[in-house]
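3D model of this:
(one chain, ligands or ions: 1)
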Amino acid sequence: MSSWKHQHILDLANFSLEDYNIVFELSSRFKALPQTGTRKLPALQGKLITTLFFEPSTRTRASFEIAAKRLSADVQSFSASSSSLQKGETPLDTALTYVAMGADVLVVRHGSTNVPEQLANYLEASGRKTAVLNGGDGLHSHPSQGLLDLYTIANFFNPTNPNPQDLLNKKVAIVGDILHSRVARSNLWALTGCGANVVLCGPPSLLPDEFTDFVKAPPPGQAHDPITKRGQVSIERSLKAALKEADAVMTLRLQKERMHQNLITDLDRYHRDYGLTHSSLKWCRHNNIPVLHPGPVNRGVEMSSELLEDRSICLVGNQVSNGISIRMALLYLIATK
Ligand code: NCD
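Below is the predicted model of the structure:
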């Protein structure tokens, strides 16, 4: 696609409306393939996609690998626990090993913020052509998840032809552990970039007041915001008030592995205050608002088991399915640039 500008996909803060349109259009084409009797395309034949996950993952890694195989790429998977990291090799040297084996794209997940970006900068500075796709870094960014969430919400409102404009003036509530969530941060850039307003909801320990300013300035190192008018971000401490105004709601996992102090001591109380259930959804002004969660879910904490299994409104399965076509689009765009 000639108008695609990104060599790497590291963050959504630098995505323009045109970028969102390109990703949606391509994803919808890939998603429709099985209806034409085709499951696999030769588009990336001969390309090598390496998934370099230094942190655990179930869906993101599998989804990237399935996406790459559907485009006929070769796929190399790396497992941190059985690698030379255990002998003291650094993540950079690990990545360079796969680059030397001919990786065209490295999909990188790491527990520290900016590792994918530092790797991309290093590769560019040393004249290598390998592209880096961020599969989630620390608290910072998870662009493919933000895009698949955006697509899933748009698709709920526009089942035949989802596009970024379907988000314009919609209000999306994001509930729970915002502080530790790279998914929330990528969704903030994506949703406001398409003109949606976001209401963040959670206790002060997991949602500092400063989040209202989150999308007001481009991140360090980025000259300008490519979106001229973003949607608004507000904070609501009460779940009832947040749900009352929402057109869609996303809830997030309590990320205990990233909490340096015990920020939530009483999980029953947290569930009473911020857990989504069929009964809390009665506060919504619309019947049947779509419910999203990036997974993995702590059943009975951020969401009741009954709600998780109610496929009429809980879109967790749609998020996972849409993840494949979104990642096909992203891999295609950077591997053929
Ligand atoms: C998320 C992640 O890893 O950031 N999961 C995912 O990629 N689907 C969210 C989480 O771990 O809670």
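
can we go C-alpha only for contacts and neighbour counts from here?
Will do.

and the residue of the stretch 1-150 of the chain found nearest the ligand, how many neighbours does it have?
As assessed by CA to the nearest ligand atom, the ligand sits closest to T60 within the stretch 1-150 of the chain, at 5.3 Å. By other CA atoms under 10 Å, 25 other residues sit near T60.

try S112
Neighbours around S112, by other CA under 10 Å: 14.

Could you do the one 3 residues further on as well?
The burial metric for V115, expressed as a neighbour count using other CA under 10 Å, is 20.

start the count at 45, not 1, going forward
Renumbered: residue one is now 45, and that last one reads V159.

pretty sure it contacts L183?
No. Contact between V159 and L183 fails when scored by CA atoms under 8 Å: they sit 11.5 Å apart.

where's the closest residue to N342 other than its chain neighbours relative to P340, distance?
Leaving aside its chain neighbours, N342 sits nearest to R297 (6.5 Å; criterion: CA to CA, 6 or more residues apart in numbering). From R297 across to P340, the span is 7 Å (CA to CA, to the nearest Å).

quick one: which of these two has more around it?
Legend: neighbour count by other CA under 10 Å for R297 and P340, higher for R297 (21 against 12).

can I get the CA coordinates of stretch 58-78 in PDB?
Output of stretch 58-78 as PDB, limited to C-alpha atoms (Å, rounded to 0.1, in the frame of the first residue of the first chain):
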ATOM      1  CA  ASN A  58       1.900   8.400  15.600                       C
ATOM      2  CA  PHE A  59      -1.100   6.900  13.700                       C
ATOM      3  CA  SER A  60      -3.100   9.100  11.400                       C
ATOM      4  CA  LEU A  61      -6.700   8.600  10.400                       C
ATOM      5  CA  GLU A  62      -5.500   7.400   7.100                       C
ATOM      6  CA  ASP A  63      -3.400   4.700   8.900                       C
ATOM      7  CA  TYR A  64      -6.500   3.500  10.800                       C
ATOM      8  CA  ASN A  65      -8.500   3.400   7.500                       C
ATOM      9  CA  ILE A  66      -5.800   1.400   5.700                       C
ATOM     10  CA  VAL A  67      -5.600  -1.200   8.600                       C
ATOM     11  CA  PHE A  68      -9.400  -1.500   8.700                       C
ATOM     12  CA  GLU A  69      -9.800  -1.900   5.000                       C
ATOM     13  CA  LEU A  70      -7.100  -4.500   4.700                       C
ATOM     14  CA  SER A  71      -8.300  -6.400   7.800                       C
ATOM     15  CA  SER A  72     -11.800  -6.600   6.500                       C
ATOM     16  CA  ARG A  73     -10.500  -8.000   3.200                       C
ATOM     17  CA  PHE A  74      -8.500 -10.700   5.100                       C
ATOM     18  CA  LYS A  75     -11.400 -11.400   7.400                       C
ATOM     19  CA  ALA A  76     -13.700 -12.100   4.400                       C
ATOM     20  CA  LEU A  77     -11.300 -14.500   2.800                       C
ATOM     21  CA  PRO A  78     -12.800 -17.800   4.200                       C
END
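
Check what contacts that stretch and list those residues.
Contact with stretch 58-78 is made by 48, 83, 195, 205-208, 237-238, 262, 266, 269-271, 366, 369-374, as judged by CA atoms under 8 Å, 6 or more residues apart in numbering.

If you count neighbours, what's buried in stretch 146-156?
A147, D148, V149, L150, V151, V152, R153, H154, G155 (16 or more other CA atoms under 10 Å).

then the strand or helix carrying L194 to CSV, C-alphas only?
Per DSSP states H and E, L194 falls inside helix 187-201. Coordinates of each C-alpha in helix 187-201 appear next as CSV, following Å, rounded to 0.1, in the frame of the first residue of the first chain:
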residue,chain,number,x,y,z
PRO,A,187,-0.6,-1.4,19.2
SER,A,188,-2.1,-4.6,17.7
GLN,A,189,-4.4,-5.0,20.7
GLY,A,190,-5.5,-1.4,20.5
LEU,A,191,-6.3,-1.8,16.8
LEU,A,192,-8.2,-5.1,17.2
ASP,A,193,-10.2,-3.5,20.0
LEU,A,194,-11.0,-0.5,17.8
TYR,A,195,-12.1,-2.8,15.0
THR,A,196,-14.2,-5.0,17.3
ILE,A,197,-16.1,-2.0,18.7
ALA,A,198,-16.6,-0.5,15.2
ASN,A,199,-17.8,-3.8,13.9
PHE,A,200,-20.4,-4.0,16.7
PHE,A,201,-21.9,-0.7,15.5
